[in-house]
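In: no sequence on hand, only this structure:
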């Protein structure tokens, strides 16, 4: 980490300008902190960096990764500690960073969309947002049918 000192000054007119200006010059020390999960670098004050490290077992993680760790605790099927969730997220980030891009991005996207569709069809009906979603009965999928009570076209009177 490197430190930078920022100085803010204020213009004041009058007899006590030099004394007051000297008091109003604020020096803020800024350090660059690198997330131990994703590698993102942020500018932070040393106090903020210390608070984040206290919350995360001495590790500095960015806000996005902190939210991912909270989500990992929430999604876990069994009760896990924040430290375990943090370790899981760090492992996930390391695997993601070490993986190479897909050889055929189009096929990869189609495969991901297929997997997403399969997951949504396998989800319980209560979690679906639309009432006309296909329903699963045993192994076959039966789509609910919509019937029309009247014509969609307005009557033409002549």
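Out: That came through fine. Please read all numbers here as calculations on a predicted model, not as lab measurements. Numbers count the residues shown, from 1 in each chain.
In: surely residue 59 and residue 49 touch.
Out: No: with contacts counted by Cβ atoms under 8 Å, residue 59 stays clear of residue 49, the gap being 10.9 Å. All C-beta spots, glycine's among them, are computed from the backbone N, C-alpha and C.
In: quick check: residue 110 vs residue 116, distance?
Out: To residue 116, residue 110 is 11 Å away according to Cβ to Cβ, to the nearest Å.
In: please apply the same query to residue 46.
Out: Relative to residue 116, residue 46 is positioned 43 Å away (Cβ to Cβ).
In: strands along the chain, start to end?
Out: Ranges of strands in the chain, per DSSP state E, are 3-8, 26-34, 41-44, 135-137, 140-142.
In: buried stuff in the longest one?
Out: For strand 26-34, the buried set under the neighbour-count rule, 16 or more other Cβ atoms under 10 Å, comprises 30-31, 33.
In: tell me the contacts of residue 43?
Out: Contacts for residue 43 (Cβ atoms under 8 Å, 6 or more residues apart in numbering) come out as 4, 30-33.
In: can we see that at 6 Å?
Out: 30, 32 (Cβ atoms under 6 Å, 6 or more residues apart in numbering).
In: ok, residue 41 next?
Out: Applying Cβ under 6 Å, 6+ apart, the residues contacting residue 41 are 32, 34.
In: 10 Å instead?
Out: 1, 32-35, 62 (Cβ atoms under 10 Å, 6 or more residues apart in numbering).
In: could I get these as TSV with distance to residue 72 and pLDDT?
Out: Output for the contacts of residue 41, formatted as TSV (distance: Cβ to Cβ, whole Å; pLDDT from 0 to 100):
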residue	distance to residue 72	pLDDT
1	26	51
32	26	94
33	21	94
34	21	94
35	15	93
62	15	93
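In: make JSON lines out of those and add distance to residue 75.
Out: Below are the contacts of residue 41 laid out as JSON lines (distance: Cβ to Cβ, whole Å):
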{"residue": "1", "distance to residue 75": "32"}
{"residue": "32", "distance to residue 75": "31"}
{"residue": "33", "distance to residue 75": "27"}
{"residue": "34", "distance to residue 75": "26"}
{"residue": "35", "distance to residue 75": "21"}
{"residue": "62", "distance to residue 75": "20"}
